[in-house]
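**Q** build me a structure from this.
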Amino acid sequence: MVHIRVDAGGTLTLLEPDNFKRFHIEVADRNLSCDALVAALAPIAAPDGADFWIDAAGLKALSGREADPRWLEGFEAMLGAAKRFGWVSPDGLRIRCHVK
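**A** Reported below is the predicted structural model:
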């Protein structure tokens, strides 16, 4: 599953970028404060209650695969599936993501 890993220092890493079945944020350090998590995700996300709205362009950039047509096809399919469940913003620019 695609997931954003936030490490103890606040570094973001996109793990399993080719597995588009599920999407979440994983906090590597359980002692990371909520404020530190929000700050770490700020370049690509905005908090919304217990979830975050992730910028699709920021997620593509984090993947390092934004120029790969095959990867983009999978990414767009994931967005299409998520949209049916209300997990994509009306403008299609952000995807809702929960913290695991």
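**Q** what about residue 20, distance to residue 94?
**A** Distance, residue 20 to residue 94, using C-beta to C-beta, to the nearest Å: 17 Å. Placement of C-beta: from N, CA and C, glycine included.
**Q** same check, this time on residue 43
**A** Note on residue 43: its distance to residue 94, by C-beta to C-beta, is 13 Å.
**Q** higher neighbour count, those two?
**A** The neighbour comparison of residue 43 against residue 94 (other C-beta atoms under 10 Å) goes to residue 94, with 23 against 11.
**Q** how about that one, nearest residue that isn't a chain neighbour?
**A** Leaving aside its sequence neighbours, residue 94 sits nearest to residue 53 (C-beta to C-beta, 6 or more residues apart in numbering; 4.2 Å).
**Q** list the residues that contact that neighbour.
**A** If you count contacts by C-beta atoms under 8 Å, 6 or more residues apart in numbering, residue 53 has them with 45, 46, 89, 94, 95, 96, 97.
**Q** which of these lies closest to residue 74?
**A** The closest of the contacts of residue 53 to residue 74 turns out to be residue 95 (C-beta to C-beta; 13.7 Å).
**Q** where's residue 38, which helix or strand?
**A** Assigning secondary structure by DSSP states H and E places residue 38 in helix 34-41.
**Q** in that helix, what's buried?
**A** 36, 37, 40, 41 (16 or more other C-beta atoms under 10 Å).
**Q** identify the residues contacting the helix or strand following that helix?
**A** Tracing the chain past helix 34-41, the next element assigned as helix or strand by DSSP H and E is strand 45-48. Defining contact as C-beta under 8 Å, 6+ apart, one finds that strand 45-48 is touched by 38, 41, 52, 53, 54, 55, 58, 94, 96, 97.
**Q** those residues in helices, which ones?
**A** Assigned to helices by DSSP state H, the following of the contacts of strand 45-48 qualify: 38, 41, 58.
**Q** ok, the second one - contacts?
**A** What that stands for is residue 41. Applying C-beta under 8 Å, 6+ apart, we find residue 41 in contact with 4, 6, 12, 25, 47, 52, 54.
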